[in-house]
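J.: just a sequence and a predicted model for now, questions to come.
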Amino acid sequence: MLGNKRNPFPRIGKIYKYEFINISKILLPLYLLLIILGLLIGLTSNTNKIKNFLDSESPILDEEDSYQSEPDLPLIPKDDYDLQKKSNQAHQISYNPDNSNNIQTVQYFHYESSSPISLTKIFAGFFVIAFYIFIQIILLVTFIIFGRRFRKTMFGEEAYLNLSLPVTIGEHLWGRFLCYFTWIIICFVTLTLSGLLSLVKFLTLNMIKEAFTTINSVIIKNQGNPVSIYLSFLLVAVSLSVLIITFSFFINTITSLYKKHTTLLKIISIVVTLSIIGKVFSLTLSYSDLNSLTAFTNSMWKTTLIYLGFSTIFMTSTHLILSRKLNLE
(Lines give C-alpha, C1' and ligand atoms only; values in the text may rest on other atoms or scores of the structure.)
Protein backbone atom coordinates (compact mmCIF):
# COMPACT_ATOMS: atom_id res chain seq x y z
CA MET A 1 0.00 0.00 0.00
CA LEU A 2 2.74 2.45 0.86
CA GLY A 3 4.44 1.86 -2.46
CA ASN A 4 1.36 3.04 -4.37
CA LYS A 5 1.36 6.47 -2.73
CA ARG A 6 2.85 9.15 -4.92
CA ASN A 7 4.93 12.11 -3.81
CA PRO A 8 2.69 15.23 -3.92
CA PHE A 9 5.49 17.78 -3.65
CA PRO A 10 6.53 17.89 -7.33
CA ARG A 11 2.98 18.77 -8.39
CA ILE A 12 2.58 21.24 -5.54
CA GLY A 13 5.85 22.80 -6.68
CA LYS A 14 4.58 23.16 -10.24
CA ILE A 15 1.35 24.82 -9.06
CA TYR A 16 3.43 27.06 -6.81
CA LYS A 17 5.76 28.08 -9.67
CA TYR A 18 2.89 28.74 -12.09
CA GLU A 19 1.04 30.95 -9.61
CA PHE A 20 4.18 32.76 -8.47
CA ILE A 21 5.15 33.75 -12.02
CA ASN A 22 1.66 35.06 -12.82
CA ILE A 23 1.38 37.07 -9.62
CA SER A 24 4.89 38.48 -9.95
CA LYS A 25 3.90 40.23 -13.19
CA ILE A 26 1.56 42.46 -11.16
CA LEU A 27 3.06 42.70 -7.68
CA LEU A 28 6.80 42.97 -8.40
CA PRO A 29 6.52 46.34 -10.25
CA LEU A 30 4.36 47.71 -7.41
CA TYR A 31 6.79 46.55 -4.73
CA LEU A 32 9.73 47.97 -6.66
CA LEU A 33 7.97 51.32 -6.97
CA LEU A 34 7.32 51.38 -3.22
CA ILE A 35 11.03 50.78 -2.52
CA ILE A 36 11.97 53.61 -4.89
CA LEU A 37 9.51 55.96 -3.15
CA GLY A 38 11.01 55.06 0.24
CA LEU A 39 14.50 55.80 -1.07
CA LEU A 40 13.41 59.16 -2.53
CA ILE A 41 11.89 60.14 0.82
CA GLY A 42 15.13 59.19 2.58
CA LEU A 43 17.26 61.22 0.15
CA THR A 44 15.05 64.33 0.32
CA SER A 45 14.34 64.29 4.08
CA ASN A 46 15.77 66.92 6.44
CA THR A 47 18.11 64.99 8.73
CA ASN A 48 18.77 67.91 11.08
CA LYS A 49 15.08 68.38 11.88
CA ILE A 50 14.67 64.70 12.70
CA LYS A 51 17.74 64.70 14.95
CA ASN A 52 16.67 67.90 16.71
CA PHE A 53 13.22 66.45 17.27
CA LEU A 54 14.58 63.29 18.89
CA ASP A 55 17.43 64.93 20.81
CA SER A 56 15.26 67.55 22.51
CA GLU A 57 12.60 66.89 25.10
CA SER A 58 10.16 68.92 23.02
CA PRO A 59 10.42 70.11 19.42
CA ILE A 60 8.99 73.45 20.54
CA LEU A 61 11.10 75.96 22.43
CA ASP A 62 10.25 76.64 26.03
CA GLU A 63 8.12 79.70 26.50
CA GLU A 64 10.84 81.47 28.46
CA ASP A 65 13.50 80.77 25.83
CA SER A 66 11.21 81.76 23.02
CA TYR A 67 10.35 85.01 24.75
CA GLN A 68 13.95 85.93 25.53
CA SER A 69 15.09 85.17 22.01
CA GLU A 70 13.05 88.06 20.64
CA PRO A 71 14.33 91.65 20.71
CA ASP A 72 13.75 93.48 23.97
CA LEU A 73 10.51 95.42 23.84
CA PRO A 74 9.99 97.95 26.65
CA LEU A 75 6.90 98.17 28.79
CA ILE A 76 5.14 95.07 27.43
CA PRO A 77 3.95 92.30 29.69
CA LYS A 78 5.06 88.79 28.81
CA ASP A 79 1.51 87.44 28.63
CA ASP A 80 0.48 90.13 26.17
CA TYR A 81 3.60 89.54 24.16
CA ASP A 82 2.92 85.81 23.90
CA LEU A 83 -0.66 86.46 22.88
CA GLN A 84 0.38 88.88 20.17
CA LYS A 85 3.21 86.61 19.01
CA LYS A 86 0.76 83.76 18.45
CA SER A 87 -1.11 85.92 15.96
CA ASN A 88 2.21 86.34 14.10
CA GLN A 89 2.50 90.02 15.03
CA ALA A 90 4.88 91.97 17.24
CA HIS A 91 4.58 95.20 19.14
CA GLN A 92 6.85 98.17 18.84
CA ILE A 93 6.03 100.39 21.76
CA SER A 94 7.35 103.86 22.32
CA TYR A 95 6.82 105.92 25.41
CA ASN A 96 5.99 109.64 25.03
CA PRO A 97 7.20 111.52 28.11
CA ASP A 98 5.50 114.72 26.98
CA ASN A 99 2.10 113.12 27.21
CA SER A 100 0.60 113.74 30.61
CA ASN A 101 -1.55 110.63 30.34
CA ASN A 102 1.49 108.55 29.55
CA ILE A 103 -0.24 107.10 26.48
CA GLN A 104 1.70 104.39 24.74
CA THR A 105 1.72 104.42 20.97
CA VAL A 106 1.75 101.02 19.34
CA GLN A 107 2.98 100.13 15.92
CA TYR A 108 2.30 96.77 14.30
CA PHE A 109 4.27 94.97 11.73
CA HIS A 110 3.99 91.45 10.29
CA TYR A 111 6.79 88.95 10.21
CA GLU A 112 7.92 87.84 6.80
CA SER A 113 9.43 84.45 6.23
CA SER A 114 13.14 84.62 5.55
CA SER A 115 13.33 81.02 4.34
CA PRO A 116 11.08 80.40 1.35
CA ILE A 117 9.86 76.88 0.66
CA SER A 118 12.40 75.12 -1.51
CA LEU A 119 11.64 72.75 -4.36
CA THR A 120 13.25 69.93 -2.37
CA LYS A 121 10.76 70.40 0.48
CA ILE A 122 7.86 70.32 -1.94
CA PHE A 123 9.10 67.08 -3.48
CA ALA A 124 9.77 65.61 -0.03
CA GLY A 125 6.20 66.34 1.09
CA PHE A 126 4.81 64.87 -2.10
CA PHE A 127 6.88 61.71 -1.72
CA VAL A 128 5.76 61.21 1.89
CA ILE A 129 2.07 61.53 1.00
CA ALA A 130 2.46 59.26 -2.03
CA PHE A 131 4.43 56.76 0.06
CA TYR A 132 1.76 56.24 2.71
CA ILE A 133 -1.07 56.17 0.18
CA PHE A 134 0.86 53.64 -1.88
CA ILE A 135 1.37 51.39 1.14
CA GLN A 136 -2.40 51.13 1.58
CA ILE A 137 -2.87 50.48 -2.12
CA ILE A 138 -0.24 47.73 -2.17
CA LEU A 139 -1.76 45.92 0.82
CA LEU A 140 -5.21 46.08 -0.76
CA VAL A 141 -4.01 45.00 -4.21
CA THR A 142 -1.99 42.10 -2.77
CA PHE A 143 -4.99 40.49 -1.10
CA ILE A 144 -7.31 41.25 -4.01
CA ILE A 145 -4.87 39.50 -6.36
CA PHE A 146 -5.02 36.37 -4.19
CA GLY A 147 -8.80 36.17 -4.50
CA ARG A 148 -8.84 36.92 -8.21
CA ARG A 149 -6.14 34.37 -9.02
CA PHE A 150 -7.88 31.66 -7.00
CA ARG A 151 -11.22 32.40 -8.62
CA LYS A 152 -9.72 32.51 -12.12
CA THR A 153 -7.67 29.31 -11.82
CA MET A 154 -10.25 27.23 -9.96
CA PHE A 155 -13.58 28.51 -11.26
CA GLY A 156 -12.81 30.80 -14.20
CA GLU A 157 -11.30 30.54 -17.65
CA GLU A 158 -8.26 28.54 -16.48
CA ALA A 159 -10.24 26.14 -14.30
CA TYR A 160 -11.07 23.57 -17.00
CA LEU A 161 -7.42 23.07 -17.93
CA ASN A 162 -6.17 23.09 -14.33
CA LEU A 163 -8.75 20.62 -13.04
CA SER A 164 -8.15 18.27 -15.97
CA LEU A 165 -4.50 17.87 -14.98
CA PRO A 166 -3.39 14.83 -12.93
CA VAL A 167 -3.32 16.98 -9.80
CA THR A 168 -5.51 16.43 -6.75
CA ILE A 169 -7.63 19.15 -5.14
CA GLY A 170 -5.35 19.09 -2.12
CA GLU A 171 -2.29 19.70 -4.31
CA HIS A 172 -4.05 22.58 -6.06
CA LEU A 173 -4.94 24.17 -2.73
CA TRP A 174 -1.55 23.70 -1.07
CA GLY A 175 0.38 24.95 -4.10
CA ARG A 176 -1.65 28.15 -4.16
CA PHE A 177 -1.61 28.50 -0.38
CA LEU A 178 2.20 28.30 -0.20
CA CYS A 179 2.54 30.73 -3.11
CA TYR A 180 0.23 33.32 -1.52
CA PHE A 181 1.94 32.92 1.84
CA THR A 182 5.31 33.55 0.17
CA TRP A 183 3.94 36.76 -1.34
CA ILE A 184 2.76 37.93 2.08
CA ILE A 185 6.34 37.48 3.35
CA ILE A 186 7.67 39.37 0.32
CA CYS A 187 5.13 42.14 0.98
CA PHE A 188 6.25 42.43 4.62
CA VAL A 189 9.93 42.53 3.62
CA THR A 190 9.15 45.20 1.01
CA LEU A 191 7.28 47.37 3.52
CA THR A 192 10.10 47.02 6.05
CA LEU A 193 12.82 47.78 3.50
CA SER A 194 10.99 50.82 2.12
CA GLY A 195 10.47 52.12 5.65
CA LEU A 196 14.18 51.77 6.46
CA LEU A 197 15.15 53.45 3.18
CA SER A 198 12.90 56.40 4.05
CA LEU A 199 15.27 56.99 7.01
CA VAL A 200 18.47 56.14 5.14
CA LYS A 201 20.13 59.51 5.94
CA PHE A 202 19.34 59.25 9.62
CA LEU A 203 18.96 55.65 10.80
CA THR A 204 22.04 53.72 11.97
CA LEU A 205 22.59 50.18 13.20
CA ASN A 206 23.38 51.46 16.69
CA MET A 207 20.05 53.30 16.83
CA ILE A 208 18.20 50.08 15.97
CA LYS A 209 20.11 48.21 18.67
CA GLU A 210 19.37 50.94 21.21
CA ALA A 211 15.68 50.84 20.30
CA PHE A 212 15.48 47.08 20.90
CA THR A 213 17.47 47.46 24.12
CA THR A 214 15.01 50.07 25.36
CA ILE A 215 12.01 47.94 24.41
CA ASN A 216 13.49 44.90 26.16
CA SER A 217 14.18 46.89 29.32
CA VAL A 218 10.62 48.20 29.40
CA ILE A 219 9.23 44.68 28.93
CA ILE A 220 11.43 43.27 31.70
CA LYS A 221 10.56 46.20 33.98
CA ASN A 222 6.89 45.31 33.57
CA GLN A 223 7.59 41.66 34.44
CA GLY A 224 7.38 40.43 30.87
CA ASN A 225 9.50 38.09 28.79
CA PRO A 226 10.85 39.77 25.63
CA VAL A 227 11.30 36.45 23.78
CA SER A 228 7.74 35.41 24.57
CA ILE A 229 6.39 38.80 23.49
CA TYR A 230 8.24 38.76 20.16
CA LEU A 231 7.31 35.14 19.51
CA SER A 232 3.63 35.79 20.23
CA PHE A 233 3.59 38.72 17.80
CA LEU A 234 5.27 36.59 15.15
CA LEU A 235 2.80 33.73 15.58
CA VAL A 236 -0.18 36.09 15.45
CA ALA A 237 1.15 37.60 12.22
CA VAL A 238 1.73 34.15 10.68
CA SER A 239 -1.65 32.79 11.77
CA LEU A 240 -3.41 35.95 10.54
CA SER A 241 -1.77 35.52 7.13
CA VAL A 242 -2.93 31.89 7.04
CA LEU A 243 -6.44 32.99 8.02
CA ILE A 244 -6.60 35.62 5.25
CA ILE A 245 -5.55 33.11 2.57
CA THR A 246 -7.89 30.33 3.69
CA PHE A 247 -10.72 32.84 4.19
CA SER A 248 -10.29 33.91 0.55
CA PHE A 249 -10.39 30.25 -0.53
CA PHE A 250 -13.53 29.59 1.46
CA ILE A 251 -15.51 32.67 0.36
CA ASN A 252 -14.72 32.19 -3.33
CA THR A 253 -15.59 28.49 -3.10
CA ILE A 254 -18.92 29.17 -1.40
CA THR A 255 -19.97 31.75 -3.98
CA SER A 256 -18.91 29.47 -6.84
CA LEU A 257 -21.80 27.17 -5.98
CA TYR A 258 -24.25 29.76 -7.32
CA LYS A 259 -24.52 31.19 -10.80
CA LYS A 260 -26.55 34.32 -10.00
CA HIS A 261 -26.14 37.16 -7.51
CA THR A 262 -22.59 36.08 -6.72
CA THR A 263 -21.53 39.55 -5.55
CA LEU A 264 -24.42 39.80 -3.09
CA LEU A 265 -23.78 36.28 -1.85
CA LYS A 266 -20.10 37.07 -1.40
CA ILE A 267 -20.89 40.13 0.71
CA ILE A 268 -23.35 38.15 2.83
CA SER A 269 -20.83 35.32 3.27
CA ILE A 270 -18.10 37.74 4.34
CA VAL A 271 -20.34 39.54 6.83
CA VAL A 272 -21.68 36.31 8.36
CA THR A 273 -18.23 34.70 8.60
CA LEU A 274 -16.60 37.77 10.15
CA SER A 275 -19.50 38.03 12.61
CA ILE A 276 -18.93 34.45 13.73
CA ILE A 277 -15.18 35.09 14.15
CA GLY A 278 -15.91 38.26 16.12
CA LYS A 279 -18.37 36.38 18.36
CA VAL A 280 -15.76 33.72 19.14
CA PHE A 281 -13.27 36.45 20.06
CA SER A 282 -15.78 38.18 22.33
CA LEU A 283 -16.47 34.91 24.15
CA THR A 284 -12.79 33.96 24.45
CA LEU A 285 -10.98 37.23 25.12
CA SER A 286 -11.73 40.07 27.53
CA TYR A 287 -10.35 43.48 28.47
CA SER A 288 -8.77 41.92 31.56
CA ASP A 289 -6.25 40.29 29.20
CA LEU A 290 -4.65 43.72 28.79
CA ASN A 291 -4.01 44.36 32.50
CA SER A 292 -0.46 42.98 32.41
CA LEU A 293 2.13 41.82 29.91
CA THR A 294 1.66 38.21 31.02
CA ALA A 295 -2.08 38.39 30.43
CA PHE A 296 -1.49 40.18 27.13
CA THR A 297 0.91 37.45 25.99
CA ASN A 298 -1.66 34.79 26.89
CA SER A 299 -4.28 36.65 24.86
CA MET A 300 -1.92 36.65 21.89
CA TRP A 301 -1.55 32.86 22.17
CA LYS A 302 -5.33 32.52 22.30
CA THR A 303 -5.64 34.73 19.22
CA THR A 304 -3.17 32.50 17.36
CA LEU A 305 -5.16 29.39 18.23
CA ILE A 306 -8.42 31.02 17.10
CA TYR A 307 -6.90 32.08 13.80
CA LEU A 308 -5.46 28.61 13.17
CA GLY A 309 -8.73 26.96 14.18
CA PHE A 310 -10.77 28.98 11.69
CA SER A 311 -8.07 28.49 9.04
CA THR A 312 -8.40 24.73 9.45
CA ILE A 313 -12.18 24.96 9.09
CA PHE A 314 -11.90 27.13 5.97
CA MET A 315 -9.27 24.92 4.30
CA THR A 316 -11.13 21.68 5.08
CA SER A 317 -14.47 23.10 3.91
CA THR A 318 -12.89 24.37 0.69
CA HIS A 319 -11.35 20.97 0.00
CA LEU A 320 -14.63 19.12 0.63
CA ILE A 321 -16.72 21.47 -1.50
CA LEU A 322 -14.28 21.41 -4.42
CA SER A 323 -13.92 17.62 -4.27
CA ARG A 324 -17.68 17.13 -4.22
CA LYS A 325 -18.24 19.68 -7.01
CA LEU A 326 -15.59 18.05 -9.21
CA ASN A 327 -17.05 14.58 -8.65
CA LEU A 328 -20.55 15.82 -9.56
CA GLU A 329 -19.30 17.41 -12.76
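T.: Arrived safely.
J.: what's the burial count for A237?
T.: Residues contacting A237 under the criterion other Cβ atoms under 10 Å number 14. The C-beta positions use only the backbone N, C-alpha and C, and glycine is treated the same way.
J.: any idea how far it lies from A295?
T.: Taking Cβ to Cβ, to the nearest Å as the measure, A237 falls 20 Å from A295.
J.: list the buried ones in the helix or strand F146 falls within?
T.: Assigned by DSSP states H and E, F146 belongs to helix 119-154. Taking 16 or more other Cβ atoms under 10 Å as the neighbour-count basis, helix 119-154 is seen to contain the buried residues 124, 127-128, 130-131, 134-135, 138, 142-143, 145-151, 153-154.
J.: over to stretch 234-245?
T.: Residues of stretch 234-245 classed as buried under the neighbour-count rule (16+ other Cβ under 10 Å) are 235-236, 238-245.
J.: would you list every one of the strands in the stretch 51-200 of the chain?
T.: Across the stretch 51-200 of the chain, reading from the start of the chain, the strands by DSSP state E, counting those that start in this stretch fall at 89-95, 104-110.
J.: quick one: mean pLDDT for the first one?
T.: What it means is strand 89-95. Per-residue pLDDT over strand 89-95 has a mean of 45.
J.: switch to numbering from 49
T.: Okay, using 49 as the starting number, the last item reads as strand 137-143.
J.: list the contacts of stretch 286-305.
T.: Among residues not part of stretch 286-305, those counted as contacts by Cβ atoms under 8 Å, 6 or more residues apart in numbering are 191, 194-195, 198-199, 202-203, 221, 224-225, 228-229, 232, 310, 313-314, 317-318, 321, 351-352, 355-356, 358-359, 362-363, 365-366, 369-370, 373.
J.: all helices for the stretch 199-348 of the chain, in order.
T.: Under the criterion DSSP state H, counting those that start in this stretch, the stretch 199-348 of the chain carries helices at the ranges 207-211, 217-245, 253-269, 274-303, 310-332, 341-376.
J.: a markdown table please, covering these and showing distance to G86.
T.: Formatted as a markdown table, the entries for the helices of the stretch 199-348 of the chain read as follows, by distance: least, Cβ to Cβ, whole Å:
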| stretch | distance to G86 |
| --- | --- |
| helix 207-211 | 37 |
| helix 217-245 | 3 |
| helix 253-269 | 16 |
| helix 274-303 | 21 |
| helix 310-332 | 32 |
| helix 341-376 | 29 |
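J.: among these, which is nearest L76?
T.: Set against L76 and scored by Cβ to Cβ, the helices of the stretch 199-348 of the chain come closest in helix 217-245, at 8.7 Å.
J.: same for that closest one, what does it pack against?
T.: Under the contact criterion of 3 or more Cβ pairs under 8 Å, 6 or more residues apart in numbering; DSSP states H and E, the helices and strands touching helix 217-245 comprise helix 57-92, helix 167-202, helix 274-303, helix 341-376.
J.: dump those helices to a markdown table, plus distance to N264 and mean pLDDT.
T.: Written out in a markdown table, the entries for those read as follows (distance: least, Cβ to Cβ, whole Å; pLDDT from 0 to 100):
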| stretch | distance to N264 | mean pLDDT |
| --- | --- | --- |
| helix 57-92 | 27 | 92 |
| helix 167-202 | 28 | 84 |
| helix 274-303 | 5 | 94 |
| helix 341-376 | 12 | 88 |
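J.: what about those helices, which gets the closest to P214?
T.: With Cβ to Cβ as the yardstick, what comes closest out of those is helix 57-92 (7.7 Å).
J.: who does that closest one touch, helix- and strand-wise?
T.: Taking 3+ Cβ pairs under 8 Å, 6+ apart as contact, the helices and strands that helix 57-92 lies on are helix 167-202, helix 217-245.
J.: which of the ones you listed sits closest to N273?
T.: Relative to N273, the nearest member of the helices and strands packed on helix 57-92 by Cβ to Cβ is helix 217-245, separated by 23.9 Å.
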